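1. build me a model:
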Amino acid sequence: GAGTGLTGGAIGAGVKLDLSRYMNGIGAVDAEARTVEVEPGVVLDELNAHLTEYGLQFAADVATSSRATIGGMIANNSCGAHSIVYGRTVDHVVELTVALADGRVVTFGPSRENDDRAQFLEAELGRIRDEYFGEIERRFPKVMRSNGGYGLDRLGPPGTPADPLKILCGSEGTLGIVVRAKLRLVPIPRCT
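-> Model prediction:
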């Protein structure tokens, strides 16, 4: 993102990427399906201003919306003041294209089209979840806004397909760098 996290997640040693200067494009809006494709450097307020003509918005309403980027919101699994109604960022991510540590670019979500690397990672996540399910159930808090960290508790019950989107959101870019996202949108509320 752009280092705007309120909890200090972008502070300390390490590499910080600000993708807001060159990776800030807003792609196709499908008003009927209520989706939009974006690059990670798109600022939330700019995205929502673009979506106004469609009567749609991205649901997460963070306090730093004038500077929070979609990539950062995915990294933090951001939510905002209306998360009880709308949920968190993870609840509105349809597809992610990420650059992995080995340099491969992989798409997770419905249009991944038989990507061997994506299938392998999905299977490994399922294996980890299945092997440690009891421990995950015991240790992960049962709260509405458990946002950060590796969301192993969001991977579903044992024996079901594991959804990598559920763990990429909130992983702070440690599992991959988002280069494109397809987001689910909601109608702009009549009153706020």
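2. now the top helix by length along the chain: buried residues?
-> Ordering each helix of the chain by length in residues (DSSP state H) puts helix 116-131 first. Along helix 116-131, these residues count as buried under the neighbour rule (16 or more other Cβ atoms under 10 Å): 118, 121-122, 125-126, 128-129. Backbone N, C-alpha and C define where each C-beta goes, glycine included.
3. residue 28: which of those is nearest?
-> Using Cβ to Cβ, residue 118 comes nearest to residue 28 of the buried residues of helix 116-131, at 21.5 Å.
4. so the closest one makes contact with residue 106?
-> Yes. Counting by Cβ atoms under 8 Å, residue 106 is a contact partner of residue 118 at 4.9 Å.
5. returning to what we had before: would you turn the buried residues of helix 116-131 into TSV with distance to residue 191 and pLDDT?
-> Formatted as TSV, those follow (distance: Cβ to Cβ, whole Å; pLDDT from 0 to 100):
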residue	distance to residue 191	pLDDT
118	41	88
121	43	91
122	41	91
125	41	94
126	43	95
128	44	95
129	41	95
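6. could you point out which element follows the helix or strand of the chain with the lowest mean pLDDT?
-> The helix or strand of the chain with the poorest confidence is helix 83-86; it has a mean of 76 (mean pLDDT, DSSP states H and E). The element immediately downstream of helix 83-86 (helix or strand, assigned by DSSP states H and E) is strand 93-99.
7. for the closest residue in space to residue 129 that isn't next to it in sequence, what are its contacts?
-> Nearest residue to residue 129, sequence neighbours excluded (Cβ to Cβ, 6 or more residues apart in numbering): residue 155, at 4.4 Å. Residues near residue 155 by Cβ atoms under 8 Å, 6 or more residues apart in numbering: 125-126, 129, 162-163, 166-167.
8. switch the cut-off to 7 Å
-> Contact partners of residue 155, counting by Cβ atoms under 7 Å, 6 or more residues apart in numbering, are 125, 129, 162-163, 166-167.
9. just read off the phi/psi values of it.
-> The phi/psi pair for residue 155 (degrees, to the nearest 10) reads phi -80, psi 0.
10. which residue ranges form the helices in the chain?
-> All helices of the chain, identified by DSSP H, fall at 44-51, 70-76, 83-86, 116-131, 133-139, 165-168.
11. so what's the gap between the last one and the chain middle?
-> Read that as helix 165-168. Distance of helix 165-168 from its chain centroid, counting by Cα atoms, centre = their mean, to the nearest Å, is 7 Å.
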